[in-house]
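Novice: take this sequence and fold it.
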Amino acid sequence: MEAQAELGAFLRARRDDTQPGDVAIAVQDERRVPGLRREEVAALAGISADYLRRLEQGRVLPSDAVLDALAGVFRLSPAGRAHLELLAGRARGRQPDLPVERVGRPSLLRILDAVAPAPAVILGRCCDVLAWNATGAALDQVVAARPPRERNVARRILLDPSARELYPEWESLAHEVADVLRLNAARYAEDPRLMALVEELLEGSKTFRARWEENDVHEKTFGRKLVAHPEVGLLELEYEAFMLPATTGQQLILYSAEPSSATAARLRQLASLATSRRAA
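Specialist: Numbers count the residues shown, from 1 in each chain. Model (predicted):
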């Protein structure tokens, strides 16, 4: 999809997602649209309905002021607003630099080992595992068993049926992966591996395809993840994700648990198993 058309599709999707009550519009009749009417958005943003129609069709390029107004109407998250600005920039001809997809600093590898026994992983823009510590590798033994260049989290979650057994909240995790890839696909559209991955997932996963069509984005920052680990039992993890400076697209993800919790004890057990295997 061309950048200008993608910008229009994103705005149309946000209009469909925004409910009248979100912007204090009283509903007095039966509505035929899933979210806001075009006339309602136009009035709130201070533009004409015809201009909004042409914008959604990818026929005009909006000013920064119009983008700000629409972002306010749709109450975009910081990630959504950044995505909107990125799409607009691409439609105006700006091309982002394409960074190298590797872990280039030994200090990052030392950090992974320093935080053990907590699991830690570095993910690239294609959701490839670029590095991890022993406990991070032990979280998903299927990914760990693959050759380094084939350790892709998105393929594992969306194309491997056994992932549903490992992740009890599989559907929400699958949606998160789709939204992260939607964001990265706009940031790094010149990456042929990323574009090929998106096409592969669109063809191979109905869940990914349906979520992709919702045209939403997600910036992985922090959250929780449940892992039904086959050796140590249920892990109720919290994670923090950090964008790594001078990498453009790589994230360091650190997992933790409450110190006195059952999950903390199971993480120590998992770390011990992982260390023993690495030594062997």
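Novice: switch to C-alpha atoms for all contacts and neighbour counts from now on
Specialist: OK.
Novice: let's verify G223: helix, strand, or coil?
Specialist: Per DSSP: H, G, I helix; E, B strand; the rest coil, the secondary structure class of G223 is strand.
Novice: return the distance of it relative to Q4.
Specialist: According to C-alpha to C-alpha, to the nearest Å, G223 and Q4 sit 32 Å apart.
Novice: for those two, indicate the residue with more neighbours.
Specialist: Of the pair G223 and Q4, Q4 is the one with more neighbours under other C-alpha atoms under 10 Å, namely 23 against 11.
Novice: does the more buried one really touch P62, like I thought?
Specialist: No - counting by C-alpha atoms under 8 Å, Q4 does not reach P62; the two are 9.9 Å apart.
Novice: next structured bit after the lowest-mean-pLDDT helix or strand in the chain?
Specialist: One helix or strand of the chain scores below all others by mean pLDDT, DSSP states H and E: helix 78-91, with a mean of 84. With elements assigned by DSSP states H and E, the helix or strand that comes after helix 78-91 is helix 106-114.
Novice: assign a three-state SS to the closest residue to R125 other than its chain neighbours, would you?
Specialist: Counting by C-alpha to C-alpha, 6 or more residues apart in numbering, G249 is the residue found nearest to R125 once chain neighbours are left out, at 5.0 Å. Following three-state DSSP, G249 is assigned to coil.
Novice: and G249, what is it in contact with?
Specialist: Remark: with contacts taken as C-alpha atoms under 8 Å, 6 or more residues apart in numbering, G249 is in contact with P99, G124, R125, N184, M243.
Novice: tell me where the model's unsure across the stretch 1-150 of the chain.
Specialist: The stretch 1-150 of the chain contains residues with pLDDT under 70 at 1, 95-101.
Novice: which ones are touching the residue nearest to the spatial centre of the chain?
Specialist: Centrality entry for the chain: nearest residue to the mean C-alpha point is V180, 1.6 Å, by C-alpha atoms, centre = their mean. By C-alpha under 8 Å, 6+ apart, V180 lies in contact with V217, H218, E219, K220.
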